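Asker: Provide a 3D model corresponding to the input given below.
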Amino acid sequence: MVFDHETDYPSQWAAIGAIALKIGCTEETLPSWVRQAKRDAGRQEGTTTTERERIKALERENRELKQANEIVRMASAYFAQA
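Answerer: Have a look, this model is predicted:
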């Protein structure tokens, strides 16, 4: 909405303020959404939503693998004593 209507306002910030009131979010939230939309569209440097989701999935997998390795390590130590 901001991109579609920013020409109707003197600045992007004015558009964000007006649109934020209309959609019921704060004027602090909407600019972050606009920046993320620019990143996703390739208009601004930074991590896209898809990349962030992939990073989160890889971090989760890494955490799970570390836990599994710790379990294997503990089991090896237990069975080495026997």
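Asker: next one: the longest helix along the chain to chain centre, how far?
Answerer: Counting residues, the longest helix in the chain under DSSP state H turns out to be helix 49-81. Shown here is helix 49-81, whose average C-alpha point lies 22 Å from the average C-alpha point of the whole chain (Cα atoms, centre = their mean, to the nearest Å).
Asker: ok, residue 5 - contacts?
Answerer: 15, 19 (Cβ atoms under 8 Å, 6 or more residues apart in numbering). C-betas here are computed from N, CA, C, even on glycine.
Asker: for residue 31, see how far away it is.
Answerer: When distance is defined by Cβ to Cβ, to the nearest Å, residue 5 is 15 Å away from residue 31.
Asker: repeat for residue 79
Answerer: On the measure of Cβ to Cβ, residue 79 and residue 31 end up 57 Å apart.
Asker: just residue 69 next, same as before
Answerer: Spatial separation of residue 69 from residue 31 under the definition Cβ to Cβ is 42 Å.
Asker: residue 50 now?
Answerer: For residue 50, the distance to residue 31 equals 21 Å [Cβ to Cβ].
Asker: on the three-state scheme, residue 43 is what?
Answerer: Put simply, residue 43 is coil when judged by DSSP: H, G, I helix; E, B strand; the rest coil.
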